[in-house]
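K.L.:
With the sequence up front, the predicted model follows.
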Amino acid sequence: MEHYHMNLNLKVWRQKNSNTKGDFKTYQVKNISSEMSFLEMFDVLNEQLISEGEEPVAFDHDCREGICGMCSMYINGKPHGPWQANTTCQLHMRAFKDGDTIVVEPWRANAFPVIKDLTVDRTSFDRIIQAGGYISVNTGNAVDGNALPINKDNADNSFAAAMCIGCGACVAACKNSSAMLFLSAKVSHLALLPQGEPERKTRVLNMVAQMDKEGFGACTNTGACEATCPKEISLTNIARLNAEYLSASLSAEK
Amino acid sequence: MLNAKIPTGPLENKWAEYKGHCKLVNPANKRKLEVIVVGTGLAGASAAASLGELGYKVKAFCFQDSPRRAHSIAAQGGINAAKNYQNDGDSVFRLFYDTIKGGDYRAREANVHRLAEVSANIIDQCVAQGVPFAREYGGLLSNRSFGGTQVQRTFYAAGQTGQQLLIGAYQALERQVALGNVTMYSRHEMLEVVTIDGKARGIIARDLVSGKLERHFGHAVLLCSGGYGNVFYLSTNAMGSNVTAAWKAHKKGAAFANPCFTQIHPTCIPVSGDHQSKLTLMSESLRNDGRIWVPKKQNDTRKATDIPEEERDYYLERRYPAFGNLVPRDVASRAAKERCDAGYGVGSSKQAVYLDYADAILRYGKIEAGKQGKVNASQEEIIALGKEVVKAKYGNLFDMYEKITGENPYEVPMRIYPAVHYTMGGLWVDYELQTTVPGLYALGEANFSDHGANRLGASALMQGLADGYFVIPYTLGNYLADEIYNKSIETSHPAFEEAEKAVSDRIHQLMSIKGKQSVESFHKRLGKIMWDKCGMARNKEGLEQAIKEIQALKKEFWSDVRIPGEINEMNTELDKANRVADFIELGELMCIDALNRNESCGGHFREEFQTPDGEALRDDAGYMYVAAWEFKGEHQWDLLKETLNYDVIKPTQRNYK
């Protein structure tokens, strides 16, 4: 792999807090290594801002290995930037070349209000989980793990849905700011397992109701969510969610 | 001398005895008792959920935007449990024995045995919650091997076991939030423990969005705030992982045990340059199938694929034929360092060794070809089939490697090097997980109790969940049963006022320095001191130097740090400054502890104490104790000892040959 260095122009969304209006500020960063991660490039920018006596850019990040779901930058018009199946923290600077201009915005959605700069409030996702994204089992009531064999395909599909990291890129990518991919991943994860069976109907109804209450938009099956999802959560999950919702709505017993 | 309050009686009966006789709190009283849980990783989320289910009034705190982000989520390989589903000779005793031996005989027998006992319950609990563990075609749970053991007892969910377990605990926690039993405070950081009449009675927390300080009362406080690996700046920990909660507790009287016991994980992606902000682990499970080697020739600059088989040194297989590539982490890390220091390292930095999958791809390819009846499969076909199998087992890890390095690990061997990963040391706790401050508990990586001087792979998840789901619900009740007479204390109490003032003063002091150097630059310098002088190998001279350097760094930090922004707003630099200030103080204590321990054991390798063939040389007569440090004032600590008694296992020199 050839390594190289580059100078870049950054257009970054700056917003002091949720009550003030924000705007784009332009910055130059120099001598960025192609081996850096995108957030390490932001570290360089922030060190530069601090040395100039300015406030650094606030952005969410934690594990920096693509699993915690905290990082959330809208880069050149795409959540998490240009690479497929990727998070911002795993995007590396070899995706860019010398002289590039990179535009960086926060997630944009009514249900994700901006807190500061590139940081948004995603607690609406937690409230959707609170509405039913669990199996009601208290600690200490479990039977032996192998007492309940689970068909491998169902287990694998359930796992594929459970890989969702709750980052919100699906919402940011959607023109309607819909949270259907996030919600469907959780509904699928639990509906595909026998443990999830007892609460199957109430779960989907309550979670959808909460999603609507939070102000997320409707799903029009455009598929932008699937295309941008860092964990490649499939649109099939939305189909399953719709089936689950319909059958729960029509059912007499909840 | 510290009293660990270990129940009497035979080892295998201690926990049952304890549970049979500990005090209980009736449901009506539980509703009146408030519990604070700091941190929402596996230990914190499982504890908060379980205590909420029992009916306690719980307040849970995390610094991230959601409890689901805690760094437990990044654990890859798996979780151990003594289920013996594979019929390969596993048992509670074996898991207990492996953990004690893996910890180089520096862990407490009673705690480790309890951990092994409840390990099987954890798997059952997680399955019931809907954690999608890997399964076989018959629908039953699948297992794999991990380092330091000869049985297959590790349960897993691809390379995302930590994520799936944490999501399980997070969902249980959110269910309790919905039921009103737990109140969640995300984007909050604990900055002080409040003590009244010697007991922990609450915390001061800072709302990281508004910057405001808050007072929270609790009849008990549980610290589940993880480890302190970020003292090294570069580690596999998340950027926000910090020691602050544990350190505040330490300065309020809680003893800090074995701080020098740090785990350096052998398989991480090597440092690529000065810009590096963190290191990424490649799961230990990769050592199941991958083979580790370096060229037999020093300073060999050929490409890995151009080096013929006979010119490769599979040094782990050579040195440790019985365990081969699956020796414990401390042993594998030191062996890699030894080869690189001797000039056999690979890659541009020469600080790396190869982890090679070519053999595994061939082996799996042949099996797969056999299954499909392809008798005359060509070499290419076999390799293609083998790659598919490897992809199914480790695909996400291989993808991650490629994203970071730009190299395709299916075609060329991965380059790996050891990195700081886990800290076995932590707040000293007794059998009930209570620190030396009554009412203050530490769970998971934040305590010191179960892993001795070295943790085995897939045991951190086990310990975090054991503490939260199955230990604290019993031991906390034993304490709170006597608290039912104490009503909640108003947070206008002078102790709260004083604690808040101390926190506020410190923040104002930090902001008023207005120096020239960034927080990050201090953190990097601290990390370099720690890695060079208190890292994979330590010696007396280096440690003494390090202590002086850290003391000087502390002075410089408090006179020249620059923190932009305001106090009463979101200020990520101020958050960081608070944490780095604590790391600096901890760094000094780690060096003092390493200097005190004149022996080598597990992850603590003092160059002066090694066997002729370079293995760690313990001194059981002199150091078979837990070194718990009591804070006495700036740069001053007293050493309290807890003697370790091995009633069941006879300590010997660890042998993986």
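P.N.:
Thanks, I have the structure now.
K.L.:
Show the pLDDT at the residue in the stretch 1-150 of chain A positioned nearest to chain B.
P.N.:
In the stretch 1-150 of chain A, the residue found nearest to chain B is A:Pro149; the distance is 3.0 Å by C-beta to the nearest C-beta. Any C-beta I mention is one placed from the backbone N, CA and C, and that applies to glycine too. A:Pro149 carries a pLDDT value of 96.
K.L.:
wait, isn't it in contact with B:Gly139?
P.N.:
Yes. Taking C-beta atoms under 8 Å as the definition, A:Pro149 is a contact partner of B:Gly139 at 3.0 Å.
K.L.:
just the helices in the stretch 51-200 of chain A please.
P.N.:
For the stretch 51-200 of chain A, helices defined by DSSP state H, counting those that start in this stretch occupy the ranges A:123-130, A:152-162, A:169-173, A:180-191, A:200-213.
K.L.:
Can you give the contact residues for stretch B:357-365?
P.N.:
Residues from elsewhere that reach stretch B:357-365, judged by C-beta atoms under 8 Å, 6 or more residues apart in numbering or on different chains: B:289-291, B:377, B:381-387, B:389-390, B:409-410, B:413-414.
K.L.:
again, only using 10 Å
P.N.:
B:286, B:288-291, B:304-305, B:309, B:314, B:374, B:377, B:379-394, B:398, B:409-414 (C-beta atoms under 10 Å, 6 or more residues apart in numbering or on different chains).
K.L.:
Can stretch B:133-151 be said to contact chain A?
P.N.:
Yes. Interface with chain A: stretch B:133-151 contributes B:133-142 (C-beta under 10 Å from any C-beta of the partner chain).
K.L.:
Do me a favour and get the end-to-end distance for that stretch?
P.N.:
19 Å (C-alpha to C-alpha, to the nearest Å).
K.L.:
Check which residues of that stretch are buried.
P.N.:
By 16 or more other C-beta atoms under 10 Å in any protein chain shown, the buried positions in stretch B:133-151 come out as B:133-135, B:140-149, B:151.
K.L.:
for stretch B:175-192, same thing?
P.N.:
Under the neighbour-count criterion of 16+ other C-beta under 10 Å, stretch B:175-192 has B:175-178, B:181-192 buried.
K.L.:
ok, now stretch B:587-601?
P.N.:
Going by neighbour count (16+ other C-beta under 10 Å), the buried part of stretch B:587-601 is B:587-595, B:597, B:599-601.
K.L.:
just curious, which of the residues of stretch B:133-151 next to chain A is nearest to A:Gly166?
P.N.:
Top of the list for closeness to A:Gly166, among those and by C-beta to C-beta, is B:Phe133 at 20.3 Å.
K.L.:
three-state assignment of the closest residue to chain A within chain B?
P.N.:
Going by C-beta to the nearest C-beta, chain A is nearest to B:Gly139 of chain B, at 3.0 Å. What DSSP: H, G, I helix; E, B strand; the rest coil gives for B:Gly139 is coil.
K.L.:
Touching, it and A:Gly145? I think so.
P.N.:
No. B:Gly139 is not in contact with A:Gly145 according to C-beta atoms under 10 Å; the separation is 11.4 Å.
K.L.:
Count the neighbours of A:Gly166 for me.
P.N.:
Residues near A:Gly166, counting by other C-beta atoms under 10 Å in any protein chain shown, number 24.
K.L.:
swap in A:Ala209?
P.N.:
By other C-beta under 10 Å, 13 other residues sit near A:Ala209.
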